[in-house]
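Enquirer: Need a 3D model of the following:
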Amino acid sequence: PPPPPPPPPPANDLNRRTILAGAAWTIPTIALTAIAPTAAASGTPVLAFNQASYSATACSTITGASVAVTVGGTATAGVSVTTTLSGGYTFSGGSATYTGVSDGSGKVALPAISVPASGVTASAAATAGTGTGTTTLSSHGSATVAHSRTPAGALTFTQVPANANPLGGIIFQAPDGDIYNGDTKVAVAAKLGASTIWVDGSAGVDSGYYTGYISSDGAAHAQAPGGALSFTKIPTDATPLGGIIYQAPNGDIYNGDTKIVTGAKLGASAIWVDGTPSTTRGYYVAYLTSDGVAHVQSPSTTLTFTQVPLDATPLGGVIYQASNGDIYNGDTKIVTGANPGASTIWVDGTASTDSGYYTGYITSDGVAHVDSPSTTLTFTQVPLDATPLGGVIYQAPDGDIYNGDTKIVTGAKLGASSIWSDGATSVNSGYYVGWSGC
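Expert: Numbers count the residues shown, from 1 in each chain. Sure, this is the predicted structure:
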């Protein structure tokens, strides 16, 4: 006969197997729960500024900014956070970077932030390991002070009203139209848009300037070291081009009360290449006739340039920039494909149109260059997409001003203006950069 079936397992054996089967699923769950705090402690910090944006008046400070640090949703102490500012904003002490450790509440309190005069919108970025956080920095209004930077150092003018417009050298025009030579008011309530040139080959800031302006009644005037000049033959509301050169609303160009060009396109440009203070010699007025052809009017002759593309922009003297960016010295192309906005100054005290010019420009890659009669210079330390002010002077997007590769001003308000008052060809002598800043 077949063997008898095996006896059924004891009840306690079934219970043991059931418990073991259950334990096989329970153990991983227990293990995961046990490591959860460890995972949270090693998680990525989440950084958040206490405001989505910060704003203050130019030249003032932003206070009360902080960064909150959380890990896994919990405020976390002891985390090192580095915050970096852009756009010329700095922490008290002058650095654009600050590192602090989160306190018991998980917060890093930031030092006061100095707002630059440039008024640019910028950012603050916080980092801790792979954790990041950002916010926006901006300014509203301004209360800037007039300054001038020269090879010898910086000048500050406390009597010039806040937010004045630099006209070049130490000449400024206040918001109410008053014009100042340094701290001395030289014209009252002129229309905005005055223009200054230097006709003296010395570096003296009180000699050789001619500031052309329009009074409230539309009449043309010029302020010089020797006094004020008034011109009764110039049509009302003409545009000062510098010195005693004006362009009437109909395009006619005047040297004082003498009409020297008829019916030019608006947008002419005047420079002085003679190192004497005579207002009747040494000027070169670049302009376009109604057909778009480039010309220059000087005391002795009229020049016409047939190789300059139509409707180029006069930069002063015989320098023009075509709509495609090419730059011409008369009929000779000297630069190809520069960005619009090149700027020319003359540093030679002779009347020769082929000597002494310095044309600052930016190439399509944003790099700063200068073309002169003898060479082309490239400046690798000037920030990309700076604004040429003439010669080797540039203003970066954050307001910093450079003489070639050397930063000479930090955080100026955009709109600085440069003139050359030295009749030498040295690019490191004789410049005066007017600017507004803190």
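Enquirer: could you point out which element follows the lengthiest strand in the chain?
Expert: Using DSSP state E, we find that the single longest strand of the chain is strand 131-139. Downstream of strand 131-139, the next assigned helix or strand under DSSP states H and E is strand 145-150.
Enquirer: pull the CA atoms of that next one into PDB?
Expert: Coordinates of each C-alpha in strand 145-150 appear next as PDB, following Å, rounded to 0.1, in the frame of the first residue of the first chain:
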ATOM      1  CA  VAL A 145      28.400 114.700  -8.900                       C
ATOM      2  CA  ALA A 146      30.500 116.200 -11.800                       C
ATOM      3  CA  HIS A 147      34.000 114.900 -12.200                       C
ATOM      4  CA  SER A 148      36.800 115.000 -14.800                       C
ATOM      5  CA  ARG A 149      39.600 112.600 -15.200                       C
ATOM      6  CA  THR A 150      42.900 113.700 -16.600                       C
END
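Enquirer: model confidence over it, on average?
Expert: Here strand 145-150 scores 90 as its mean pLDDT.
Enquirer: next one: it to chain centre, how far?
Expert: Computed by C-alpha atoms, centre = their mean, to the nearest Å, the chain-centroid distance of strand 145-150 equals 16 Å.
Enquirer: try stretch 252-266
Expert: 33 Å.
Enquirer: cool, and stretch 401-418?
Expert: Centroid displacement of stretch 401-418 relative to its chain, using C-alpha atoms, centre = their mean, is 8 Å.
Enquirer: next one: stretch 131-145
Expert: On C-alpha atoms, centre = their mean, the centre of stretch 131-145 falls 15 Å from that of its chain.
Enquirer: Buried residues, that stretch. List them.
Expert: 131, 133, 135, 137-139, 142, 144-145 (16 or more other C-beta atoms under 10 Å). Yep, even glycine has a C-beta here, placed from its N, CA and C like the rest.
Enquirer: Could you do stretch 84-97 as well?
Expert: Neighbour count says stretch 84-97 has 84-85, 87-91, 96 buried, by 16+ other C-beta under 10 Å.
Enquirer: Which member of these is positioned nearest K107?
Expert: F91 (16.7 Å; C-beta to C-beta).
Enquirer: and that closest one, what does it touch?
Expert: 85, 97-98, 110-114 (C-beta atoms under 8 Å, 6 or more residues apart in numbering).
Enquirer: Same question for K265.
Expert: Here K265 is in contact with 251, 287-290, 292, 311 (C-beta under 8 Å, 6+ apart).
Enquirer: residues in contact with stretch 221-237?
Expert: 179, 181, 186-187, 190-191, 206-215, 217-220, 240, 243-244, 246, 248-250, 252, 254, 256-259, 277, 279.
Enquirer: Kindly report the same for stretch 287-299.
Expert: 247, 251, 253, 260-261, 263-265, 267-269, 280-286, 302-306, 308, 310-312, 314, 317-318, 320, 328, 351, 353.
Enquirer: Give the bridge partners for T83, please.
Expert: Y98, A126 (DSSP bridges).
Enquirer: Following element in sequence after the helix or strand of the chain with the lowest mean pLDDT, please.
Expert: Ranking every helix and strand in the chain by mean pLDDT, DSSP states H and E puts helix 11-41 at the bottom, with a mean of 36. As assigned by DSSP H and E, the chain's next helix or strand after helix 11-41 is strand 46-49.
Enquirer: CA atoms only for that next one - export them in CSV, please.
Expert: What follows is strand 46-49, C-alpha atoms only, in CSV (Å, rounded to 0.1, in the frame of the first residue of the first chain):
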residue,chain,number,x,y,z
VAL,A,46,17.9,76.0,-1.8
LEU,A,47,18.8,79.7,-1.8
ALA,A,48,16.3,82.5,-1.8
PHE,A,49,16.8,86.3,-1.5
